[in-house]
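Peer 1: For reference, the sequence and a predicted model appear below.
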Amino acid sequence: MNIGEILREHRKKLQLTQIQLAEEAGTTQGHISDIENGNVPRMSGDIIVRLARALQTTPNVLLGVEEEKTGKV
């Protein structure tokens, strides 16, 4: 999965619209759409962190570096 697919999956799991996610992350709905559709070749670390926070996950999960941790430790 790429970052756009992971972002879409997390957004839908939280039942957020692109507009709601954009507002939470301090960006635009168009930018969210572009990311989800693979039209953003590079993203700053800042936007990745803001998206991860808005989606209640980590940057590494959004980047596909690690899996979402579930359950209690």
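Peer 2: Thanks, I have it.
Peer 1: switch to C-alpha atoms for all contacts and neighbour counts from now on
Peer 2: OK.
Peer 1: Excluding chain neighbours, what is closest to S33?
Peer 2: Excluding its sequence neighbours, the residue lying closest to S33 (C-alpha to C-alpha, 6 or more residues apart in numbering) is Q18, at 7.0 Å.
Peer 1: show me what contacts the one you found?
Peer 2: Q18 is in contact with R11, Q29, I32, S33, counting by C-alpha atoms under 8 Å, 6 or more residues apart in numbering.
Peer 1: Please name the nearest non-neighbouring residue to the second one.
Peer 2: Sequence neighbours aside, I19 is the residue nearest to Q29 in space, at 4.9 Å (criterion: C-alpha to C-alpha, 6+ apart).
Peer 1: mind exporting the helix or strand where that neighbour lies as CSV, just the C-alpha atoms?
Peer 2: According to DSSP states H and E, I19 maps onto helix 18-25. Taking Å, rounded to 0.1, in the frame of the first residue of the first chain, the C-alpha atoms of helix 18-25 are listed here in CSV:
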residue,chain,number,x,y,z
GLN,A,18,-11.6,14.7,3.2
ILE,A,19,-12.8,18.2,4.3
GLN,A,20,-12.8,17.2,8.0
LEU,A,21,-9.3,15.7,7.7
ALA,A,22,-8.0,18.7,5.9
GLU,A,23,-9.3,21.0,8.6
GLU,A,24,-7.8,18.8,11.3
ALA,A,25,-4.4,18.7,9.5
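Peer 1: Q29: neighbour count?
Peer 2: By other C-alpha atoms under 10 Å, 16 other residues sit near Q29.
Peer 1: on that earlier part again, most neighbours among the contacts of Q18, which one is it?
Peer 2: I32 (23 neighbours).
Peer 1: Against H10, how distant is L55?
Peer 2: Distance, L55 to H10, by C-alpha to C-alpha, to the nearest Å: 6 Å.
Peer 1: cool, and E66?
Peer 2: From E66 over to H10 the distance is 14 Å, taken as C-alpha to C-alpha.
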